[in-house]
Every structure is written in C-alpha cells, then in structure tokens.
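K.L.:
here's my sequence, what's the structure:
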Amino acid sequence: MFGLMMDRPLLISQLIEHAAEYHGDTEIVSRSVEGPIHRYTYADAGRRSRRLAKALAALGVAPGDRIGTLAWNGYRHFEVYFAVSGIGAICHTINPRLFQEQIAYIINDAEDQFIFADLNVLAILEGLDKSLSGVRGIIVMTDRAHMPAQSVLKNLLCYEDLVLAQDETFEWPEFNENTAASLCYTSGTTGNPKGVLYSHRSTILHAFAVNGANAIGLTADDTILPVVPMFHANAWGIPYAAPMVGAKLVFPGFKMDGASLFELFEAEGVTAAAGVPTVWLELLRFCETESRSLDSLQRTLIGGSAPPRAMIERFDKAHGVRVLQGWGMTEMSPLGTITSMRRGERDLPAEAQYDLIAKQGRPIFGVSLKIVDDAGRALPKDGVAFGDLLVRGPWISGSYFHGVDPSAFTEDGWFKTGDVCTIDPHGYMTITDRSKDVIKSGGEWIGSIDLENIAMGHPSVQEAAVIGVPHPQWDERPLLIVVKRPEADVTREDLLKTFEGKVAKWWMPDDVVFVEALPHTATGKLLKSRLREDFRDYKPISAEE
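P.N.:
You can find the predicted model right below:
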C-alpha cells in the first residue's frame, strides 16, 4: 500500500507556536482591566503561554480537568486559552453577565477545578463563595500590585506570580486531536444552560473555515478587533483564527461603549471586527453624534442576532464598511453560514446587495443544512417553503457535555437548531423566526424578524421587537414594541405606515407600544420570552373592535 500523509494530530498549541515563530513581531493590543493599554507580540504570548502551562501542571491540573475563566477580552485571557487546552485540560469560559444562580450552576455542572477571574468580576465569585465547594482556587488575572488586600474567597492566587515563577522551556504534549479542548454553555433562555464541548480538531477546522476567503478571510495584513466576548462561543473562533494567519489582535477589555471602541479602531487601524448588533448600534450612534468616520475599518462580521437592513446600509453609506452577516450557534462552534456572494453579485446595485446581506447567508464548506416539516420530511430549497432547520458538520456538536439530548438531535445525527427558515436555490438561508417565536395567526405563520427589519428601517427607531400576543379570533397577532431614537418624534400611525406595501396586509402589526428599553440575554439577543410574559395580557386594538 502506498504511503499517505503524516498522522500528526491537529492541536491548539500549534496555533500559538506557529504565530510566535512566523509572526513573532505582530502586536496584540489590549485595554487592560487595570486601566492602561497593554502591548506585546505573538512571540511574547507564546513564551507566557508556555510558562502558564507549566504553572498549571505544577498546581496539579491534569488532562481532562475543567478550568473556568470569568474574564473579558484581553491578553491574559488569550494566554489561558492556549495554556489550558495545550496541556490537555479543558478551557471553560463563563459569561459574567449571567445571573449569579446560573454562574454557580455552570461552574458546578462543569466541576471546574480552578477559575481564572478578572479583577472587576471577583465580586461575583465572592457572592458565590459558599456555592463553589469543588473549586480548588481562584487565579486573579492581575499582578501582585493589584491583588485585593482581602477577600472572602479562599486560595486566591496571583496570575503574574504563577507565570513569573516558571521558565519557558516547555514542550507541548501531543495527544489525540479529538480530545476536548474547550467548553461553552448555551445561553439558557429556557431551563438550565447546556455545556458544549469543542475538540482540538473541530476548533482548528473551524478556524480554517473562519479564515476562508468567503468568510472573514483574515490575513497577516489585517488588524482584527473581536468585540464579541471570549466567553461567547470562544469569540466566534477569532482567538484561534487570528494567530493561524498572524493577524494583529486588538482586545477591547470590558469597555465596549461607542467612544471606547472608536478610540481603539482609530488608534490601532482596525480593518476587521466582529460583534452583535447592539454593540454596533452604540458605535454608529457615537460616530453620528461626534461626526466621526470609521476610516480604517473594511468589514465587520455581525452575528448573535440578525442585523437590521438599515444597519447594513448605514455601515456602507456612512463609513464604506462591508457588513458580513454570520449565523450560527454555540453548538456549531459557532459559524454555520455567512453572506458570501456568488459570482457577479458584487456588481449588483447597492440596494440589491443590502437585500442579500440581510439574509443569513450561505453555508461555509463543512456545514450541511436542510429544512424539514413537522413530520421530519425534507422541504424544497426554493426560497418559498419554510420549515425547521437542521445542520451537521465536523465542528457541530453531536451531543452535550453530559450526553445526548434526544430532543436536540435526530436519529441520523442532524442537530435541530430551533430556527425556522427558507433556503433558496443558490443556498441563501433566510431565518424567519425561532420556532418558539413564530407568530401563528389564523393558522398561518408570520415571521417576526422580517417585521423587525422593516421597523428598524424607520429613521426614528433605535431598536424594535415583534411578538405574538393572544387574539380571540386569530389566536395570535403581531405586536410591535419600539425603542425610539433620542429626540425622535414618531407615532404609532407613522410606524404602521412603514409596513404598507412591504408585507401582506394580514402580516401587519395590529399595534405599536413604545418602551424605554428592550430586554436582552447575556449575549445581546432579544429576550422575547420576557416580552411575551410582560405583554401576555395586552389587548391590541383589533382585539377590542
């Protein structure tokens, strides 16, 4: 038999070693929790990651142990990613924005041995001290000068002390590439969050996909700023994709307001970014208020929830920035589809391009998707039929941390996303709703996302949500809930006119409610379950007629 390729495993430690050797002088810039902007290089990060790996081994961390992080986007968190996974342990990122009860549940469910924590989230752990009996120690991600003078937490360790106590002569171990590397928990909007394990192999394959020319397409010429947190599906894989190609990294820390982000964009020459729509609303508002332009930014990946078409247009017309809409889930590592255009589509008029980008895009190589009806029968990809979306692929979860959930997976291995969508003949997917958010009126489905996008096109609307409310005749009718832009003067009638001629008459919202703010999940998604609860007794005008 003829020889084949080397059977060397794909391991996350190879990413930082590659960056350190071949892009060693490329910068990593971080806004630190302590205040100052921190700068160093991939070569520095490689050396410190090896030192931290030795420190963890000295603490008795073994392969398979879960090591938690409660931290923002910064250089120390970046080092933890590689040091923990590199020795065969599992890096478990925890969202500090969750309720304390959820954080305690996640830490205990994962059985975290140690937790790396930023200074400004220590209070969260202090409030949970008696609930975390299995945690052996808290590693505070700072230097000796900034360590807290006192704390109720036992066995507090200083990050910099651990790193400086070791040298950098460390050989990364080799093991099976299917070994678990990291652990992320779902948002948990209904019931307890579920843990999703990513392997070394799936992480590196996903990084290759992220760097594809039809995806984000990072190169060594890029400066990427991931606003998406490192505790949100591993910042969409960017901390792995950037060192793979030697792109400069800029970490925003915990300051993600418009002014702070713009400062980094301008000072560091950011060319690519990634984040959820709520973050970009703040940045665009800052730029408009201060008459500033995003001069260096070329493209931004927007995900987590669908960006309004008006946002796509504002980025392009005001700043010359190309929006890439990405769709995925924690269970998908998370990237599944992206708005990569087909041959000739970039020659279309701008308005037609905006329409394409407003869709959820086409699957990247490695991701298969299909839509099915309630009986599980495949539906045509004609852009008209819509049904439940199923996905599968090499970086898509086949089970959860504690085993398979039969309600989430089909017998033949497809993952049930919970989204309802259409797929057109060219592969463009358009999500019409989450299955739990679909509005059923008179036996027909109404997609809330389409209505929200139309509302967001009105110049007086800052944010909008559409939910179904009970109706005595039609079962449910759509209710539009709106946050006005500052100083805006808009009425219910003004907004309802926006829908005329754009949707079928029976799709039009029955009423409009103005609120000060909309509820969001800890990852920035609209929390429609809360809105449905708040408005469960609401009677639209048509119900009273």
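K.L.:
contacts, neighbours, all on C-alpha from now
P.N.:
Fine.
K.L.:
from the contact counts, what lies against the helix or strand containing Ser529?
P.N.:
Here Ser529 sits within helix 528-534, counting by DSSP states H and E. Here helix 528-534 touches strand 461-471, going by 3 or more C-alpha pairs under 8 Å, 6 or more residues apart in numbering; DSSP states H and E.
K.L.:
what are the buried residues along the helix or strand that the strand it packs on is followed by?
P.N.:
Following strand 461-471 in sequence order, the next helix or strand is strand 475-484 (DSSP H and E). For strand 475-484, a neighbour-count test (16 or more other C-alpha atoms under 10 Å) marks Glu476, Arg477, Pro478, Leu479, Leu480, Ile481, Val482, Val483, Lys484 as buried.
K.L.:
what helices or strands is strand 475-484 leaning on?
P.N.:
strand 439-441, strand 461-471, strand 511-514.
K.L.:
ok, Gln462 - contacts?
P.N.:
Going by C-alpha atoms under 8 Å, 6 or more residues apart in numbering, Gln462 touches Leu281, Met456, Val482, Val483, Lys484, Arg485.
K.L.:
for it, give its distance to Trp280.
P.N.:
12 Å (C-alpha to C-alpha, to the nearest Å).
K.L.:
show me how far stretch 361-378 is from its chain's centre.
P.N.:
Averaging C-alpha positions (C-alpha atoms, centre = their mean, to the nearest Å) puts stretch 361-378 21 Å from its chain's average.
K.L.:
sorry, that was for stretch 17-34
P.N.:
22 Å.
K.L.:
that stretch: end-to-end distance?
P.N.:
28 Å.
K.L.:
got the contact list for it?
P.N.:
37-46, 73-75, 118-120, 142, 146, 243-254.
K.L.:
could you flag which of the residues you listed are buried?
P.N.:
41-46, 73-75, 118-119, 142, 243-254.
K.L.:
narrow these to those in strands?
P.N.:
Thr41, Lys248, Leu249, Val250, Phe251 (DSSP state E).
K.L.:
and those as JSON lines, adding distance to Asp109?
P.N.:
Shown next, in JSON lines, are these (distance: C-alpha to C-alpha, whole Å):
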{"residue": "Thr41", "distance to Asp109": "36"}
{"residue": "Lys248", "distance to Asp109": "35"}
{"residue": "Leu249", "distance to Asp109": "32"}
{"residue": "Val250", "distance to Asp109": "32"}
{"residue": "Phe251", "distance to Asp109": "29"}
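K.L.:
show me where this protein dips below the pLDDT cut-off.
P.N.:
1-3, 188-191, 404, 442-444, 523, 540-545 (pLDDT under 70).
K.L.:
residue ranges of the helices in the stretch 151-300 of the chain, please?
P.N.:
Taking DSSP state H, counting those that start in this stretch to define them, one finds helices in the stretch 151-300 of the chain at 159-164, 200-210, 233-236, 238-245, 258-268, 277-290.
K.L.:
among the ones you listed, which comes closest to Gly86?
P.N.:
helix 200-210 (9.3 Å; C-alpha to C-alpha).
K.L.:
now for the closest one, which elements pack on it?
P.N.:
helix 238-245.
K.L.:
packing partners of the helix it packs on?
P.N.:
helix 13-22, helix 200-210.
K.L.:
for the shortest one, buried residues please.
P.N.:
Okay, so that is helix 13-22. Applying 16+ other C-alpha under 10 Å to helix 13-22 flags Ser13, Gln14, Leu15, Ile16, Glu17, His18, Ala19, Ala20 as buried.
K.L.:
which strand residues bridge Gly137?
P.N.:
With DSSP bridges as the criterion, Gly137 is bridged to Phe114.
K.L.:
again with Gly403
P.N.:
Beta-bridge partners, per DSSP bridges, of Gly403: Tyr400.
K.L.:
and whichever helix or strand Leu496 is part of, how far out from the chain's middle?
P.N.:
Using DSSP H and E, Leu496 sits within helix 492-498. Here the centre of helix 492-498 is set off from its chain's centre by 33 Å, with C-alpha atoms, centre = their mean.
K.L.:
with stretch 89-97 instead?
P.N.:
14 Å.
K.L.:
same thing with stretch 266-275?
P.N.:
Distance, centroid of stretch 266-275 to centroid of chain: 17 Å (C-alpha atoms, centre = their mean).
K.L.:
repeat for stretch 123-136
P.N.:
With C-alpha atoms, centre = their mean, you get 26 Å for stretch 123-136.
K.L.:
list of residues touching it?
P.N.:
So stretch 123-136 is contacted by 96, 100, 104, 107-108, 111-115, 151-153, 155 (C-alpha under 8 Å, 6+ apart).
K.L.:
generate a PyMOL selection restricted to the buried entries among these.
P.N.:
Buried residues within those, by 16+ other C-alpha under 10 Å, are selected in PyMOL with:
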select buried, resi 96+104+107+108+111+112+113+114+115+153
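K.L.:
can I get the contacts of stretch 123-136 in JSON lines including distance to Leu132?
P.N.:
Converted to JSON lines, the contacts of stretch 123-136 look like this (distance: C-alpha to C-alpha, whole Å):
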{"residue": "Pro96", "distance to Leu132": "15"}
{"residue": "Gln100", "distance to Leu132": "12"}
{"residue": "Ala104", "distance to Leu132": "7"}
{"residue": "Ile107", "distance to Leu132": "7"}
{"residue": "Asn108", "distance to Leu132": "7"}
{"residue": "Glu111", "distance to Leu132": "9"}
{"residue": "Asp112", "distance to Leu132": "9"}
{"residue": "Gln113", "distance to Leu132": "10"}
{"residue": "Phe114", "distance to Leu132": "10"}
{"residue": "Ile115", "distance to Leu132": "11"}
{"residue": "Ser151", "distance to Leu132": "15"}
{"residue": "Val152", "distance to Leu132": "12"}
{"residue": "Leu153", "distance to Leu132": "10"}
{"residue": "Asn155", "distance to Leu132": "13"}
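K.L.:
now for the contacts of stretch 123-136: which two are most distant?
P.N.:
Longest span within the contacts of stretch 123-136, C-alpha to C-alpha: Glu111 and Ser151, 22.4 Å.
K.L.:
now the two most distant members of the ones in strands among the buried ones among the contacts of stretch 17-34.
P.N.:
Counting by C-alpha to C-alpha, the most remote pair of these is Thr41 and Phe251, 13.1 Å apart.
K.L.:
isn't Leu284 right next to Gly258, touching?
P.N.:
Yes: counting by C-alpha atoms under 8 Å, Gly258 is a contact partner of Leu284 at 7.5 Å.
K.L.:
pick out whichever of the two has more residues nearby.
P.N.:
Leu284 (21 against 17; other C-alpha atoms under 10 Å).
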